[in-house]
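Trainee: how would this look folded up:
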Amino acid sequence: MVTFFSHLFRRYARRSQQASAGFTMMEVLIAAALAGMIISGLLYLVLELMGTNQREAARDETQQDMQNALDYISTELREAVYVYEPVCITGRGAPGTDDFCPGIVNHLPANLTQNSVPVVAFWKQDRFPDAILQACANGNAPEDTNCINGHSYSLVVYLLSDGAGWDGQAQLTRYSLTEFTQGGARRPGYANPGAQQNFRTWPFLGDENLQVGNADGRPDVLVDFVDGGEGANAQFVSADQSVCPTGFNVSPSDQLLGTTSLDGVRSFYACVGPSATNRNTEVILRLRGNADGRSGAQNEDSFMTALETRVLSRGVIGKTPID
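Mentor: Residues are numbered from 1 along each chain as shown. This next block holds a predicted model:
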């Protein structure tokens, strides 16, 4: 009897040890592999979602920057007293002739068109800097300063630049030639177009060049991440294919683009309406951004939908009211 119970106890002990032995090595390996596959899949989904979020954030930020830039330019254009025809940016005719315009780029700093192309140019009124206003109040303003008006004319030029030294493919830049510096000194190369109303032929009056010295200064970047042409040219076609409405002239011209590193690129251009004595000048601006270079958008296919705005200048110089 004792032997029987002893044998039964040993069998029970062996079964208990076997029941508590746990998983086999094969079972553990299979479970680990399955867990790894599940975790890897979840991690991939998380990374993809994070990447998509970064790309969309970069694109949204780029598009908002383009809209802000267009709004800024539109605000200035509405205050323009004179908007140049595209042909007058580069020049036409000879001094003294009826159709003469000397080309403003020929009388601005040489670095203005290095790796850049002018798109739209106009004159606007700017308030005198505080130093000049104070000098007017003290009675010691510079000679020929019109203290009664309290303002002078400034030449503003917007350009498309090719992206050298910046993160984006291209940039929209702004140059301004004012009469005075912020400190109150006269800018070299400035000639007041308001005195003789020679806006179109500036800096010439007849066949006389009124410009003294060479204009100085450099353009400032208004916005980065403008499309450099990688994806834009399929929709921003050349001037030969009527990118502008009838009666409008495209700026810059294909010929001018062809002389720069931006040959064929139309990510930023203007359509300038015809000049007429009985109506203000209308300008259509079109701009396209590209998020390539921003975090999360490191590819050339990140170009954006083109933006467009129409601006009617308020200037009355050279205009004749309709009876």
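
Trainee: where along the chain do the helices fall?
Mentor: Counting by DSSP state H, the chain has helices at residues 2-19, 25-78, 86-90, 130-138, 254-257.

Trainee: now those helices in CSV, with distance to residue 265 and mean pLDDT?
Mentor: Bear in mind the C-beta positions are built from the backbone N, C-alpha and C, glycine included. Formatted as CSV, those follow (distance: least, Cβ to Cβ, whole Å; pLDDT from 0 to 100):
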stretch, distance to residue 265, mean pLDDT
helix 2-19, 77, 54
helix 25-78, 15, 85
helix 86-90, 16, 92
helix 130-138, 40, 92
helix 254-257, 7, 84
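
Trainee: just the ones you listed: most buried one?
Mentor: The highest mean neighbour count among the helices of the chain, using mean count of other Cβ atoms under 10 Å, belongs to helix 86-90: a mean of 22.

Trainee: just to revisit the earlier point, what's the closest of the helices of the chain to residue 306?
Mentor: For these, proximity to residue 306 was assessed by Cβ to Cβ; helix 25-78 is nearest, at 9.0 Å.

Trainee: so where do the strands sit in the stretch 151-300 of the chain?
Mentor: 151-161, 170-177, 204-205, 208-209, 220-226, 249-251, 268-272, 282-287 (DSSP state E, counting those that start in this stretch).

Trainee: before we move on, the earlier item: of all the helices of the chain, which lies closest to residue 165?
Mentor: Among those, helix 25-78 sits nearest to residue 165 (Cβ to Cβ), with 17.9 Å.

Trainee: deepest of the strands of the stretch 151-300 of the chain, which one?
Mentor: Comparing these on average neighbours, where mean count of other Cβ under 10 Å defines a contact, strand 268-272 leads with a mean of 26.

Trainee: Can you pull out the residues in contact with it?
Mentor: 83-86, 119-120, 160, 170, 172, 226, 236, 243-245, 248-252, 281, 283-288 (Cβ atoms under 8 Å, 6 or more residues apart in numbering).

Trainee: so it versus strand 170-177, what angle?
Mentor: 50 degrees (axes from the mean of the first three to the mean of the last three Cα atoms, to 10 degrees).

Trainee: From what I see, residue 163 and residue 221 are in contact.
Mentor: No - taking contacts as Cβ atoms under 8 Å, residue 163 lies outside contact range of residue 221: 10.3 Å.

Trainee: Please verify my assumption that residue 210 contacts residue 191.
Mentor: Yes - counting by Cβ under 8 Å, residue 210 touches residue 191, with 4.2 Å between them.

Trainee: Which residue of the two possesses the greater neighbour count?
Mentor: Per other Cβ atoms under 10 Å, whichever of residue 210 and residue 191 has more neighbours is residue 191, with 22 against 17.

Trainee: contacting residues for the more buried one?
Mentor: 202-203, 210-212.

Trainee: low-scoring pLDDT stretches of the chain, where are they?
Mentor: 1-22, 50-51, 230-242, 276-278, 298-302, 316-323 (pLDDT under 70).
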